[in-house]
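**Student:** Sequence first, predicted coordinates after that:
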Amino acid sequence: MTWLAAASCLAIGVLAAAPDAHARITQIQILTRGTAFGSHSFAGVGQYEFITGIATGEVDPNNPQNSLITDIQLAPKNAQGHVVYQHNFYILQPLDPSKGNHKMMYEPPNRGGKTYQTLNNTPTGTNDPAALTDATVLDDSFLWTRGYITAWSGWENNLGPLSGLTATASLPIVGTNPSNPVTGPGYEYIVSPPGGVYTLVYPPASADQSKATLTHRVHLDDPPQVVPSSGWTYVNATSPVDNSVIPNGAIQLVGSSFVANDIYEFTYTAKNPTVNGLGFAAIRDFNSFLRFSSHDDFGTPNPINTHISRIYTETSSQPARTLNDFVHLGFNEDESHRQVFDGMMQWIGAGDGINMNYRWSQTKRTNRNRQELLYLEGLYPFANVPTFDPISGTSDWRYRRCEETHTCPLATEFYSANEFWVKAGSLMSTDPTGRFDLPDHPLTRNYLLSSKQHGGAGNPATKGLCQQFNNPLDSAPVQRALWIDLDEWSTAGIQPPASQVPLLRDHTLVPPNRSSVDFPSIPGVTYTGLKTTRYRFNMGPDFYKTFVPTINPPVFVPNYEDNPADGRIYPSFVPKTDSDGNDIAGIRLPELVVPLATYTGWGLRSGVWANDGCEATGQYIPFQSTKAGRMTAGDPRPSVQERYPSFNEYRAKVVVAVDHLVRNRFLICDDTQDIVNRLLQAGITAGVPAPTAGENASAPDPVPACRGHMPPHYHYHLIYDQDDHGQSK
């Protein structure tokens, strides 16, 4: 606390002394501005306004805070010797600043799309939240009813036009001579391309097909089969920014289409890499401008109409990995040496960074055990506290730079069981040798949401490409509680709940083999122990000094998992389960404490791709409703009616489970009644005996910890899972 107090005093002193001229957003262009939500007024807060626009920023490549951006010295420069970039933004804020809470939720969007809805308890599917007009939905929202400013801005290159609602940035191309472009090894991993044409991230340096190779396989560990040059061709692509033609910017098969969900890999000589690491500066400088500046260099006022006392980030998946690298590279300190973000809620980022601050990087990519494995996101350091890496022979940690400058954010590192299986999430809390558990950083906490799949709640009525039904566990209520915990930590110094993760020392973190995990033998359920391996990639002799690869992709041979022939391995582990197959450690939702099914963070594919990983998707494997059904099926898990002889007994256990999470600050009372109602109905549907005349199923007793609490009623919005590219499953 003494350290934190000193850091706070330092930040206040710097803020008082720093002039606006130090902000590196040079121009703000407002595109649209008006009253949001159909003029809906929130109780105690009033109406909101929306603002969209384009920000222009510039960075000095010689500033040590910017010089670590790969290729920044090779980017075009203006007359001042600075590198210029642009991005769009979207802001919602109370019209009457005196009625807001002077805090801002900032989200760097996921591949251009806003993902705040899970936290905010509002429906998914729109990049234009100001267009929401349903009064019931709005009054059930989490952030706006509390008076938060909410802001989004682009940080990824060329996802769409700057004038559109897709969050995007315009970043410069490396090199200044178009007639002599920068070239190098390009690599594309292709699964389920839209239609028969696949657009390359970087255009080819030559249309000579003999200088490129396309391969095809069905399973991850099948030997890749070369597609002859007569079987594919270059075609023109269309730019997502302005619909202009990109010559030879795409490939397609000749006389056939790509087989959806098969694996294709394309290696070629690419040209015109972009300075993608500028995306970190774009996030830093935009938030610094909103927080500290009164106007831009041309006199345009800061669009935020009030003092911002706190900025907290909300992220989901890819942006969480982005902010992992953002902090590690020191970008939470702006150019005037002020702290940018006070707190970060990192949902499903875990131990990984993002494929961004390298030449030929592709920010949309993410690796899982069958998905885009050879893009570099799993780069040491993985943890927030100091560790030694015997592979690279270095010591490092994510919070090293911000500790030196006293600009570290508080962080809630919150992740699903899926991250342990497909993202090597255990490296967040174990050392790189896999021999011991790591302590918490005093400014961060780590939380596993037990047995949860990646992302939102899956649809338990569908299997998609997987062997079992999708996992319906929902992170949203816990996210809201952890947001409150983060705010109280930042504003009042109230310590958040202790970290909840599986540990090596108590044997809740184990190797993935069945005997160690203790996963039950359930009829019709395949268990292989498939887990993603984290390697130290060989991308060329000087890659880890220059971050310019000369080998891309790294050389790999099947098998892809735990194969020493493919490089040095960082050991990683997975959560141990109880006799039902549900994770023992972590934040256990009532569905696990009073179970009706087995829930897993991992899944396997079906069909011709059987037993390859099903990536982000977990499993929902219901119990048999009766003992007779269980015996007939040979299921070792007790049936629903064996567990819960009466409705009253089931209801009591549900209420106790919810009450326990409230008392431990993992749920808030605003959400509890909806949770209890939903679980009671789920129990009856699954086979819990129906309530008798004396048992009232529609009006359960309130959770004891919430008695006397009168929250606004939340309508429960079941948000089905999306894949990593935003498509519903």
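**Tutor:** Received, thanks.
**Student:** Name all residues that make contact with Val640.
**Tutor:** 596, 623-626, 683, 686-688 (Cβ atoms under 8 Å, 6 or more residues apart in numbering). Placement of C-beta: from N, CA and C, glycine included.
**Student:** And Gly529, by the same measure?
**Tutor:** By Cβ under 8 Å, 6+ apart, the neighbours of Gly529 are 512-514, 517.
**Student:** If we use 7 Å, what do you get?
**Tutor:** Contacts for Gly529 (Cβ atoms under 7 Å, 6 or more residues apart in numbering) come out as 512-514.
**Student:** Dump the residues you listed to JSON lines, plus pLDDT, neighbour count and secondary structure.
**Tutor:** Shown next, in JSON lines, are the contacts of Gly529 (pLDDT from 0 to 100; neighbours: other Cβ atoms under 10 Å; DSSP: H, G, I helix; E, B strand; the rest coil):
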{"residue": "Pro512", "pLDDT": "97", "neighbour count": "21", "secondary structure": "coil"}
{"residue": "Asn513", "pLDDT": "97", "neighbour count": "13", "secondary structure": "coil"}
{"residue": "Arg514", "pLDDT": "97", "neighbour count": "13", "secondary structure": "helix"}
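**Student:** would TSV of these with distance to Asp342 be doable?
**Tutor:** Below are the contacts of Gly529 laid out as TSV (distance: Cβ to Cβ, whole Å):
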residue	distance to Asp342
Pro512	37
Asn513	43
Arg514	44
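**Student:** any idea which of those is the one closest to Ala135?
**Tutor:** Using Cβ to Cβ, Pro512 comes nearest to Ala135 of the contacts of Gly529, at 48.7 Å.
**Student:** Do I have it right that the closest one meets Thr532?
**Tutor:** No - between Pro512 and Thr532 there is no contact under Cβ atoms under 7 Å: 10.1 Å.
**Student:** and the residue nearest the centre of the chain, what does it touch?
**Tutor:** The chain has Ser317 as the residue nearest its centroid, 1.0 Å off, counting by Cα atoms, centre = their mean. Taking Cβ under 7 Å, 6+ apart as the criterion, Ser317 is in contact with 110, 348-349, 454-455, 724.
**Student:** redo that, cut-off 8 Å
**Tutor:** 110, 115, 347-349, 366, 454-455, 724.
**Student:** Generate a markdown table for those, with secondary structure, distance to Ser606 and neighbour count as supplementary columns.
**Tutor:** Formatted as a markdown table, these follow (DSSP: H, G, I helix; E, B strand; the rest coil; distance: Cβ to Cβ, whole Å; neighbours: other Cβ atoms under 10 Å):
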| residue | secondary structure | distance to Ser606 | neighbour count |
| --- | --- | --- | --- |
| Asn110 | strand | 27 | 23 |
| Thr115 | coil | 28 | 26 |
| Trp347 | strand | 28 | 28 |
| Ile348 | coil | 24 | 27 |
| Gly349 | coil | 29 | 28 |
| Thr366 | coil | 22 | 24 |
| His454 | coil | 18 | 31 |
| Gly455 | coil | 20 | 27 |
| Asp724 | coil | 19 | 19 |
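**Student:** circling back: give the intersection of the neighbour lists for Pro512 and Thr532.
**Tutor:** Joint contacts of Pro512 and Thr532 (Cβ under 8 Å, 6+ apart) are Trp421.
**Student:** ok, back up a step: drop anything exposed from the contacts of Val640.
**Tutor:** 596, 623-625, 683, 686-688 (16 or more other Cβ atoms under 10 Å).
**Student:** quick check, nearest of those to Gly46?
**Tutor:** So of the buried ones among the contacts of Val640, ranked by how close each gets to Gly46 (Cβ to Cβ), first place is Gly683, at 41.5 Å.
**Student:** Which positions in the helix or strand that closest one falls within come out as buried?
**Tutor:** Using DSSP states H and E, Gly683 maps to helix 669-686. Using 16+ other Cβ under 10 Å as the test for burial, helix 669-686 gives 669-680, 682-684, 686.
**Student:** go on, stretch 490-510?
**Tutor:** Those would be 490, 496, 499-504, 508-510, for stretch 490-510 by 16+ other Cβ under 10 Å.
**Student:** biggest separation within the residues you listed, which pair?
**Tutor:** Applying Cβ to Cβ across those, the maximum distance is between Ser490 and Val510, 35.1 Å.
**Student:** tell me how far the helix holding Gly683 is from the chain's mean position?
**Tutor:** 27 Å (Cα atoms, centre = their mean, to the nearest Å).
**Student:** Which strands or helices does it pack on?
**Tutor:** If contacts are counted by 3 or more Cβ pairs under 8 Å, 6 or more residues apart in numbering; DSSP states H and E, helix 669-686 sits against helix 476-492, helix 590-593, helix 647-663.
**Student:** Quick one: those helices as a markdown table, columns for mean pLDDT and distance to Pro541 too.
**Tutor:** Formatted as a markdown table, the helices and strands packed on helix 669-686 follow (pLDDT from 0 to 100; distance: least, Cβ to Cβ, whole Å):
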| stretch | mean pLDDT | distance to Pro541 |
| --- | --- | --- |
| helix 476-492 | 98 | 43 |
| helix 590-593 | 98 | 48 |
| helix 647-663 | 96 | 51 |
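**Student:** ok so Gly279 is a helix residue?
**Tutor:** Yes - assessed by DSSP: H, G, I helix; E, B strand; the rest coil, Gly279 belongs to a helix.
**Student:** Now do the same contact list for Ala350.
**Tutor:** By Cβ under 8 Å, 6+ apart, the neighbours of Ala350 are 320, 413, 415, 419-420, 423-425, 428.
**Student:** Quick one: these as CSV, columns for pLDDT, neighbour count and secondary structure too.
**Tutor:** Converted to CSV, the contacts of Ala350 look like this (pLDDT from 0 to 100; neighbours: other Cβ under 10 Å; three-state DSSP):
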residue, pLDDT, neighbour count, secondary structure
Ala320, 97, 27, helix
Glu413, 97, 29, strand
Tyr415, 96, 29, strand
Glu419, 97, 26, helix
Phe420, 98, 30, helix
Lys423, 92, 31, coil
Ala424, 88, 27, coil
Gly425, 95, 32, helix
Met428, 96, 28, helix
